[in-house]
Structures are given as structure tokens and as C-alpha cells.
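Asker: structure for the following, please:
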Amino acid sequence: MINKVGESSMSKIELSRRGMAGAAALAGAALLAGEAQAAMPSSEAAVRAWYKAWDDKDWAQADAVTTDDFNFSSPAPDDHISKAAYKKNCWDTQLAFTGKFDLELVMAKGDDVLVKYTGHTTNGKTFSNVEYFRVRDGKIASLRCYFGGNMSFPSRVSKG
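Answerer: Numbers count the residues shown, from 1 in each chain. The predicted structure is shown next:
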């Protein structure tokens with residue numbers, strides 16, 4: 001069908017106010033999401049980079065996002081161990097068993113970041129942890145891992 005100006009009615013696009021409002025709302029939501037990510041506190045960004053390093057299995061990434069005096073504590077016999085001890089006792093021993101992390105909750109307040117996650121192992125198991133990070137100058141200075149007793153992580157993961 002041809003309209004008065006010679007255009008096919010099938011190619012004519014009509015925008016209603018409702019359609020324009022919906023499009024504007026979608027564009028606004030996309031813009032706000034981008035701004036929220038751009039405005040992410042450096043403490044949260046550092047922690048998210050930490051988990052990405054684990055997912056990527058890249059110690060250089062993990063090392064770059066931690067301070068030289070980084071320390072780690074957990075219910076296992078890891079009381080304020082150094083970065084070198086963490087790499088040897090935790091990273092090197094668990095990397096082959098750790099698949100990926102699903103971050104379920106990331107709460108940042110200043111230099112404090114609390115994370116709740118589910119970890120997926122390479123042998124198909126899952127585990128849940130809560131970790132508390134202290135960030136200094138955009139890098140992780142300390143990490144406290146809370147995972148329960150010896151029947152949980154890391155033994156459940158590393159024993160297949």
C-alpha cells in the first residue's frame with residue numbers, strides 16, 4: 001500500500017510518546033549502569049580484580065593488586081601470613097582445584113570490603129566463603145577468610 005507521499009506504509013516508523021518514554025528509560029538505565037561502574041570505589045575494584053586473578057589463574061594480576069606487606073588470615077593455621085607464604089600455602093596448593101568464583105555480595109565502605117561468594121572447583125564441587133578485605137591506596141593490604149572448620153574449604157576442595 002502506498003500513502004500520499006509515495007512511501008510504503010510498511011516502511012514507515014511511528015513513535016508514540018509511550019514508545020519514546022520506554023526507549024528513554026532504557027537509555028537512561030544503560031547510562032546509569034555505566035556511571036555506577038565508572039564510579040566504583042577503588043577498594044571494590046581492587047577486590048573484584050583479586051577474584052578475576054583467581055579466575056584467570058594469574059599470579060601476576062593478584063600480586064599487582066596487593067600491597068607488598070599484604071597478609072592473610074583464615075581458620076586454618078594461617079594467622080597473618082605474608083604474601084609469599086600465601087602464594088606458597090594457598091595459591092600454589094589450591095589453584096589447580098579452584099575453578100571460578102561467583103560473587104554473590106560485595107559491600108564496600110571506604111577501605112573495607114566484605115564479599116560473600118560461591119566457589120566452583122575443577123572437580124564439580126562448590127563451597128561458600130565470606131572474606132573481609134582491607135584496602136590501602138587502591139591495593140589489598142589484608143584478607144581475612146571465614147570458611148568454617150577443616151571439613152570445608154580448603155580440604156574439601158583439595159581432596160577431590
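Asker: okay, CA-based contacts and neighbour counts for the rest of this
Answerer: Noted.
Asker: may I see the buried residues of the helix or strand where Asp55 lies?
Answerer: Here Asp55, judged by DSSP states H and E, is contained in helix 42-56. Using 16 or more other CA atoms under 10 Å as the test for burial, helix 42-56 gives Ser42, Ser43, Glu44, Ala45, Ala46, Val47, Ala49, Trp50, Tyr51, Lys52, Ala53, Trp54.
Asker: how does this protein divide into domains?
Answerer: Using automatic domain parsing, the domain parsing of the chain gives 1-39, 42-158.
Asker: ok, now which ones touch Lys57?
Answerer: Listed by CA atoms under 8 Å, 6 or more residues apart in numbering, the contact partners of Lys57 are Leu95.
Asker: my bad, Ser74
Answerer: Neighbours of Ser74 in contact, by CA under 8 Å, 6+ apart: Arg144, Cys145, Tyr146, Phe147.
Asker: per-residue pLDDT, the nearest residue to the third one once chain neighbours are set aside?
Answerer: I take that to be Tyr146. Setting aside the residues directly before and after it, Tyr146 is nearest to Val130 in space (CA to CA, 6 or more residues apart in numbering), at 5.3 Å. As predicted, Val130 sits at a pLDDT of 95.
Asker: so how far is Val113 from Val130?
Answerer: 11 Å (CA to CA, to the nearest Å).
Asker: ok, the two, which is more surrounded?
Answerer: Val113 (20 against 17; other CA atoms under 10 Å).
Asker: tell me which element that one is part of?
Answerer: With DSSP H and E as the test, Val113 turns up in strand 112-121.
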